[in-house]
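1. whatever this is, show me its structure:
(2 chains)
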Amino acid sequence: MTALTDRRASARRRSHIAGREGVAGWLFTAPMIVILGLFLVVPVGMALWVSFSDWTGRGSPFSGTVGFVGTDNYSELLNGGGLAERDFGISLRNNGWYVLLVVPLQTALSLFLAVLVNRAVLRGRGFFRTAFYFPSVTSSVAITVLWLFLFGATGAVNKVLSYLGVNGPNWFQDPSGIVHNFFGLFGVTQGPGFLTDNTALGVSLWDWLSGPSVAMSAFVLMAVFTTSGTFMLLFIAALQNLSGETQEAAMMDGANGWQRFFRVTLPQLKPTLFTVLTLGVIGTWQVFDQIYTGTQGGPGKTTVTPAYLSYTSAFNNQQWGQGSAIAFILFVIIVVLTLLQRFILRDKAVSKRRLRAYSLDTKGTGR
Amino acid sequence: MTATTPTARSLALAVTAEEVLKAPSSATPSGPGRRAGAARPGAALVAKSLLYALLVAIAVVYIFPFLINLATSFKTDAEAASSPLSLLPQTITTAAYERLFLNSDFPVWFKNSFVVTIFVTAGRVFFDSLAGYALARLRYRGRNVVFAALIAIMAVPNVVLLIPKFLVINQLGMYDSYSGMIIPLLADAAGIFIMKNFFESIPASVEEQAKIDGAGVFRTFWSIVLPMARPALITIIILSFQGSWNELSHFIISTQSPDLTTLTKGMASLASGQLSQGSQYPLKLAAAAIMTVPVAVVFFIFQRRILNASDGAVKE
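-> This next block holds a predicted model:
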């Protein structure tokens, strides 16, 4: 740049600067546009095409021999009546239960830990925070290997359970659903006819209600173990931004600890709660690493997830169209659930009855 | 793709980074609580002891698995199976580590993970801050469109991209090469987002002065703005290091050669028993332990930043 020695009119210089910024702006963002465009945007377009094609993985998906098959891949999965539909149904069942258990557990636990650790009077806070956050930095592969050992038939967890007089299951080899097992305690081993006879996505309603398998439950515990630290940090940051005045006002009004937490603190944490729940749902629908490393979908397909099924359909069975279709259905599920959550947790208008109470009140003080 | 998505982690760090930048936030008020405690010292002491007991119990649950991991890696196969809980091996053996380093592909995996992590971290620090600066400060036509596209990209879940990314890498002839492993990871939307937010938070007056003095845009960025961005850069370093060291799915779809196997991929094949007979838990757990060391080191170096020590004493 020769600008340093340049002595031009300041107005001209300013326009020169603006022009330079324009070029620089594009130059600065060019690497990111190329990388993200080439490896995120273009791929999505390509995969969308593949999900409507009969490509088998040989040659280019755009070559003349690859045919357009419309929505065949999607309908095969959603109402094909075959193995593909059944496998997809099973994977949704498995992952659905996983989400249903992991999201509330990790949210509640991380909030609980954040509240405990955030005490001003607490000594050794740094230590506790480190302890709770550390599992979050380790690789999912390493944790899965550790989990396979801990939850083995004669592993540490069953050893601890045996001290308590409980005969632990062979965790990662046990395909039985925990809800079914619970009913089994009362001698109910067969569902009522309307549940066993009717199916959705090739899986009987009774099997949809089986709950996660014992093997999947071990993964549920692992997810809670590894994610609670990260979300705890989000809650701690939010807690520290709350003003102490509201708390003191509530104390003056005679609210006890529980009331202060549920009526004062929790409502103020709503934006963070929303973030944690949203990230939780997005994350838990993408289970892949643990399954690839640990169980490969077994035992009895009870740890197959849509993400893993998408991978195996494409890379192992050469069903590229079907694999891509699963990925896009998963994408839609995640987007829909996120929007739904947003709708449910939106700021609701104050109900009329409450509003009347408020307006009476202000009138009262006005007089 | 653990249940914690990379985005979740970056968000946590971004939030805490902001915290550190602010003046130390006032600790939660304990005034009235203390007064109440002073009135009933006995009850307060019991409550406090209960709190500590609870915290210690939870901390044990969080730490114990890692201690078992370490202890088991020094046990014999037989002892690992017979006493899975004990933290002190009866006969300490380093057989697992010897086998890993002398009789397996483990050193190759380690090298590959290391190379990829270094390049990806360096690339992300540079490209993320370049793009973040442009989006925050440089006025140019199309900036809003680029930013909107970036937000849209952040919303696409990672697993949806497994097949698509393979398709592109394959088409570009980058399959089974370092370039295919590294280049797609060189920029990440979340990191750019963090940098953009940071650059917006620092006053523009300094750069304006430099511009008036006639320094070029890149020069202003490189020698004036970037040094001020140290806290945000550290966040990017932590995230990129952890992210690329722990990455699995991208390497599954971008390589097949044993020479390019990374630690995560090698460990996954070891865990699923493709390479060995029997359980061999000391061996697997030794590998898991070594694999955790680099991220643990980075974690402990930057621990105060990550954990946002709100004790008020943090000065960057």
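
2. count the neighbours of B:N69 for me.
-> B:N69: 23 surrounding residues under other C-beta atoms under 10 Å in any protein chain shown. For every residue, glycine as well, the C-beta is placed using N, CA and C.

3. and the contacts of stretch B:73-91?
-> A:149-150, A:152, A:154-156, A:159-160, B:67-68, B:71-72, B:92-97, B:278-282, B:285-286, B:288-289 (C-beta atoms under 8 Å, 6 or more residues apart in numbering or on different chains).

4. kindly report the same for stretch A:153-168.
-> For stretch A:153-168, the external contacting residues (C-beta under 8 Å, 6+ apart) are A:149-152, A:169-171, A:173, B:68, B:81-82, B:84-85.

5. check which residues of that stretch are buried.
-> The neighbour-count check on stretch A:153-168 (16 or more other C-beta atoms under 10 Å in any protein chain shown) flags A:155-159, A:168 as buried.

6. ok, which pair from those residues is furthest apart?
-> Taking C-beta to C-beta as the measure, these span a maximum distance of 10.2 Å, between A:A156 and A:G168.

7. what residue ranges in the stretch 251-367 of chain A score low on pLDDT?
-> For the stretch 251-367 of chain A, the stretches flagged by pLDDT under 70 are A:348-367.

8. switch to 80 and redo it
-> A:257, A:345-367 (pLDDT under 80).

9. let me see the ranges of the helices in it.
-> Secondary structure of the stretch 251-367 of chain A (DSSP state H, counting those that start in this stretch): helices located at A:257-259, A:266-268, A:270-284, A:289-290, A:306-311, A:320-344, A:352-366.

10. B:F119 touches B:I182, doesn't it?
-> Yes - at 4.9 Å, B:F119 counts as touching B:I182 under the criterion of C-beta atoms under 8 Å.

11. which residues sit in contact with A:Q268?
-> Contact partners of A:Q268, counting by C-beta under 8 Å, 6+ apart, are A:242, A:246.

12. gap between it and chain B?
-> In this view, A:Q268 and chain B are 13 Å apart by C-beta to the nearest C-beta, to the nearest Å.

13. could you measure from the residue nearest to the spatial centre of chain B over to chain A?
-> Taking C-alpha atoms, centre = their mean, the centroid of chain B lies closest to B:Q242, which sits 2.8 Å from it. According to C-beta to the nearest C-beta, B:Q242 stands 6 Å off from chain A.

14. so where's the stretch 1-150 of chain A uncertain?
-> By pLDDT under 80, the low-scoring segments of the stretch 1-150 of chain A are A:1-22, A:56-67, A:80-81, A:119-123.

15. in which helix or strand would I find the nearest residue to B:A134 once chain neighbours are set aside?
-> With sequence-adjacent residues excluded and distances taken as C-beta to C-beta, 6 or more residues apart in numbering or on different chains, B:A134 is closest to A:F28, at 3.6 Å. Here A:F28 sits within helix A:10-36, counting by DSSP states H and E.

16. the residue in the stretch 151-300 of chain A positioned nearest to chain B - how many residues pack around it?
-> Closest approach between the stretch 151-300 of chain A and chain B, counting by C-beta to the nearest C-beta: A:G244, at 3.4 Å. Residues lying near A:G244 (other C-beta under 10 Å) number 15.

17. what's the distance between it and A:I236?
-> 15 Å (C-beta to C-beta, to the nearest Å).

18. flag every buried residue along the longest helix along chain A.
-> Ranked by residue count under DSSP state H, the longest helix found in chain A is helix A:83-117. Within helix A:83-117, the residues that count as buried by 16+ other C-beta under 10 Å are A:84-99, A:101-103, A:105-107, A:109-111, A:113-117.

19. can that helix be found next to chain B?
-> Yes - judged by C-beta under 8 Å from any C-beta of the partner chain, helix A:83-117 comes into contact with chain B at A:102, A:106, A:113, A:116-117.

20. show me what that helix is packed up against.
-> helix A:72-79, helix A:125-137, strand A:203-204, helix A:214-241, helix A:270-284, helix A:306-311, helix A:320-344, helix B:41-72 (3 or more C-beta pairs under 8 Å, 6 or more residues apart in numbering or on different chains; DSSP states H and E).

21. cutoff 7 Å now
-> Helix A:83-117 sits against helix A:72-79, helix A:125-137, strand A:203-204, helix A:214-241, helix A:270-284, helix A:306-311, with contacts defined as 3 or more C-beta pairs under 7 Å, 6 or more residues apart in numbering or on different chains; DSSP states H and E.

22. show me the shaky parts of chain B.
-> In chain B, residues with pLDDT under 80: B:1-41, B:154-155, B:157-160, B:206, B:211, B:214-215, B:272-279, B:303-316.

23. and with 70 instead?
-> In chain B (pLDDT under 70), the answer is B:1-40, B:273-278, B:305-316.

24. what residues does the stretch 151-300 of chain A put near chain B?
-> Residues of the stretch 151-300 of chain A found near chain B (C-beta under 7 Å from any C-beta of the partner chain) are A:154-156, A:159-160, A:223, A:226-227, A:230, A:233-234, A:237, A:240-241, A:244, A:247-248, A:251, A:279, A:282-284, A:286, A:288-289, A:292-294, A:296.

25. now do the same contact list for A:F151.
-> When contacts are counted by C-beta atoms under 7 Å, 6 or more residues apart in numbering or on different chains, A:F151 touches A:157, A:171-172, A:218.

26. I'd like those as JSON lines, with distance to A:W320 appended.
-> Shown next, in JSON lines, are these (distance: C-beta to C-beta, whole Å):
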{"residue": "A:V157", "distance to A:W320": "40"}
{"residue": "A:W171", "distance to A:W320": "34"}
{"residue": "A:F172", "distance to A:W320": "30"}
{"residue": "A:A218", "distance to A:W320": "32"}
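
27. farthest pair within those?
-> The span of the contacts of A:F151, defined through C-beta to C-beta, is set by A:V157 and A:F172 at 11.1 Å.

28. distance between the ends of stretch A:186-196?
-> By C-alpha to C-alpha, to the nearest Å, the extent of stretch A:186-196 from end to end equals 18 Å.

29. distance between that stretch and the chain's centre?
-> Its chain's C-alpha centre and that of stretch A:186-196 lie 31 Å apart, by C-alpha atoms, centre = their mean, to the nearest Å.

30. so which bits of it are buried?
-> So stretch A:186-196, judged by 16+ other C-beta under 10 Å, has buried residues A:G191.

31. who touches it?
-> By C-beta under 7 Å, 6+ apart, stretch A:186-196 touches A:204-206, A:209.

32. quick one: buried residues of stretch A:116-132?
-> Buried residues in stretch A:116-132 (16+ other C-beta under 10 Å): A:116-120, A:125, A:128-132.

33. C-alpha coordinates for that stretch, PDB please?
-> Extracted in PDB, the C-alpha atoms of stretch A:116-132 (Å, rounded to 0.1, in the frame of the first residue of the first chain):
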ATOM      1  CA  LEU A 116     -24.800 -25.500  44.000                       C
ATOM      2  CA  VAL A 117     -21.500 -24.300  42.700                       C
ATOM      3  CA  ASN A 118     -22.600 -20.700  42.400                       C
ATOM      4  CA  ARG A 119     -22.900 -20.200  46.100                       C
ATOM      5  CA  ALA A 120     -20.900 -17.100  47.100                       C
ATOM      6  CA  VAL A 121     -19.800 -18.600  50.400                       C
ATOM      7  CA  LEU A 122     -18.600 -21.900  48.800                       C
ATOM      8  CA  ARG A 123     -15.000 -22.800  49.300                       C
ATOM      9  CA  GLY A 124     -13.200 -24.900  46.600                       C
ATOM     10  CA  ARG A 125     -15.600 -23.800  43.900                       C
ATOM     11  CA  GLY A 126     -12.900 -24.000  41.300                       C
ATOM     12  CA  PHE A 127     -12.300 -27.600  42.200                       C
ATOM     13  CA  PHE A 128     -15.900 -28.600  41.900                       C
ATOM     14  CA  ARG A 129     -16.400 -26.800  38.600                       C
ATOM     15  CA  THR A 130     -13.300 -28.500  37.200                       C
ATOM     16  CA  ALA A 131     -14.600 -31.900  38.300                       C
ATOM     17  CA  PHE A 132     -18.000 -31.400  36.800                       C
END
